[in-house]
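Peer 1: Sequence plus the predicted model coming up.
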Amino acid sequence: MELLLAALLAGRHMLLEGPPGTGKSTLLRGLARGAGLPFQFVEGNAELTPARLVGHHDPSRVMSEGYSPDIFVDGPLAAALREGALLYVEEINRVPEETLNVLITVMSEGELQVPRLGPLVAAEGFRLVAAMNPFDAVGTARIASAIYDRTCRLRMDYQDAADEMEIVRRSAPEHAISDEFRARAVELVRRTREHPDVRVGSSVRGSIDLVLVAGTLAGLRRSRPDEPSVSLDAALTSLSGRLRMQEGSARTSEDVVRELWSQVFAPPPEPERGDPSQGEAPRPDLAHPRGRPAPVRAGSTAPG
């Protein structure tokens, strides 16, 4: 937050880069709310054309009144320029190149020439903050070096275990769920990010969903969240769709969730009676010669 605030106060545009669920939009919304700054949100996708980003003249009024500034409908970029707002562009690597060119112009010149409207000059305070997920290759394109050259970059990663635990506690505060169960849910999700068969693991949203689904599922089954069948089904439902497997891996996301669930949630096997590995002393086998007591010879005294 300190680095982002410093860059924005210095008049710089920012690029927040990191996997989903690392708090990119939460960070910016919280900063804007705390500083009292206006905020405009743009969802980056292949359908984001320059007209949708900048704005357009109302077609029905153009037919009756002709082109005039009064009938121009501001898009999020035009609104941010007029208000001096933070313009947050989510998933900027999904935005078409022609739309990115509009953003490059605004970052370079601080204004935008709109046909039949004239120049839109950025009011004091206007900043562009873009976010991208570097691990998602579906429907994305490489960001031009012109974007990187005009932004400061902040690399964001997953929270530590204590922070994720607190996020889950705040997002799923049901009393029926124990802190021990929440901690296990967080541990399971964190292990998905390190599994060799997984390219991209789950964010903390997976932990939140696992806890919430387990709580409601236990109610439906009149059981407990930590019941193995409940916690496993909740884990499969909450996490299997979030994992992105390595290319060439023969395993499914369900396989990995079951494996990690057994490591985190499954109870340890009870030690077998007489198993030396479990710390219990072996008992003598009286049917074996080595397990028999020493024979007593005639005229001798039995060992005490």
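Peer 2: Okay, I see it.
Peer 1: what about the closest residue to Gly18 other than its chain neighbours, how many neighbours?
Peer 2: Spatially, and ignoring its direct neighbours in sequence, Gly18 is nearest to Met156 (3.4 Å; CB to CB, 6 or more residues apart in numbering). C-beta here means a position set from N, CA and C on the backbone, and glycine is covered the same way. Using other CB atoms under 10 Å, Met156 has 15 other residues around it.
Peer 1: how about Met156, what does it touch?
Peer 2: Taking CB atoms under 8 Å, 6 or more residues apart in numbering, we find Met156 in contact with 16-18, 22-24, 27.
Peer 1: Among those residues, name the ones in strands.
Peer 2: 16-17 (DSSP state E).
Peer 1: Tell me the one of the contacts of Met156 nearest Ala130?
Peer 2: Of all the contacts of Met156, Ala130 sits closest to Leu16, with 7.2 Å by CB to CB.
Peer 1: burial count for the closest one?
Peer 2: 24.
Peer 1: same check, this time on the one 5 residues further on
Peer 2: For Gly21, the tally of surrounding residues (other CB under 10 Å) stands at 22.
Peer 1: what about it, distance to Met107?
Peer 2: Here the criterion is CB to CB, to the nearest Å. By it, Gly21 lies 27 Å from Met107.
Peer 1: Could I get the phi/psi values of Ile104?
Peer 2: Backbone geometry at Ile104, expressed as degrees, to the nearest 10, gives phi -60, psi -40.
Peer 1: Is the closest residue to it other than its chain neighbours within a helix or a strand, and which one?
Peer 2: Once flanking residues are discounted, Ile104 sits nearest to Ala146: 5.2 Å by CB to CB, 6+ apart. According to DSSP states H and E, Ala146 maps onto helix 145-149.
Peer 1: Give me the three-state assignment for Tyr88.
Peer 2: Following DSSP: H, G, I helix; E, B strand; the rest coil, we place Tyr88 in the strand state.
Peer 1: OK, contacts around it?
Peer 2: By CB under 8 Å, 6+ apart, Tyr88 lies in contact with 25, 28-29, 39-42, 129-131.
Peer 1: Bridged to it, which residues?
Peer 2: Phe41, Val129 (DSSP bridges).
Peer 1: Verify the stated contact: Asp58 with Asp74.
Peer 2: No. Using CB atoms under 8 Å, Asp58 makes no contact with Asp74, being 11.2 Å away.
Peer 1: Have a look at those two and say which one is more surrounded.
Peer 2: Counted by other CB under 10 Å, Asp58 and Asp74 do not tie: Asp74 has more neighbours, with 16 against 13.
Peer 1: Residues contacting stretch 56-68, please?
Peer 2: 71-73, 75, 116-117.
Peer 1: Tabulate the CA atom coordinates of the helix or strand of the chain with the lowest mean pLDDT in PDB.
Peer 2: Sorting the helices and strands of the chain by mean pLDDT, DSSP states H and E puts helix 59-65 at the bottom, at a mean of 77. What follows is helix 59-65, C-alpha atoms only, in PDB (Å, rounded to 0.1, in the frame of the first residue of the first chain):
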ATOM      1  CA  PRO A  59     -27.400   7.700 -31.600                       C
ATOM      2  CA  SER A  60     -31.100   8.600 -31.100                       C
ATOM      3  CA  ARG A  61     -30.300  12.200 -30.200                       C
ATOM      4  CA  VAL A  62     -27.700  12.500 -33.000                       C
ATOM      5  CA  MET A  63     -30.600  11.900 -35.400                       C
ATOM      6  CA  SER A  64     -32.700  14.700 -34.000                       C
ATOM      7  CA  GLU A  65     -30.100  17.200 -32.700                       C
END
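Peer 1: count of neighbours near Thr216?
Peer 2: By other CB under 10 Å, neighbour count at Thr216 equals 14.
Peer 1: now it, what's its secondary structure?
Peer 2: helix.
Peer 1: burial of Ser25, as a residue count?
Peer 2: 14.
Peer 1: Could you measure from it over to Gly44?
Peer 2: 12 Å.
Peer 1: I'd like to know which of the contacts of Met156 is nearest to Ile177.
Peer 2: Ranked by distance to Ile177 (CB to CB), these are led by Gly23 at 22.5 Å.
Peer 1: Mind telling me what element Leu188 is part of?
Peer 2: Here Leu188 is assigned to helix 179-192, by DSSP H and E.
Peer 1: Report all helices and strands that that helix contacts.
Peer 2: In terms of contacts (3 or more CB pairs under 8 Å, 6 or more residues apart in numbering; DSSP states H and E), helix 179-192 is packed against helix 161-171, helix 204-221, helix 228-239, helix 253-264.
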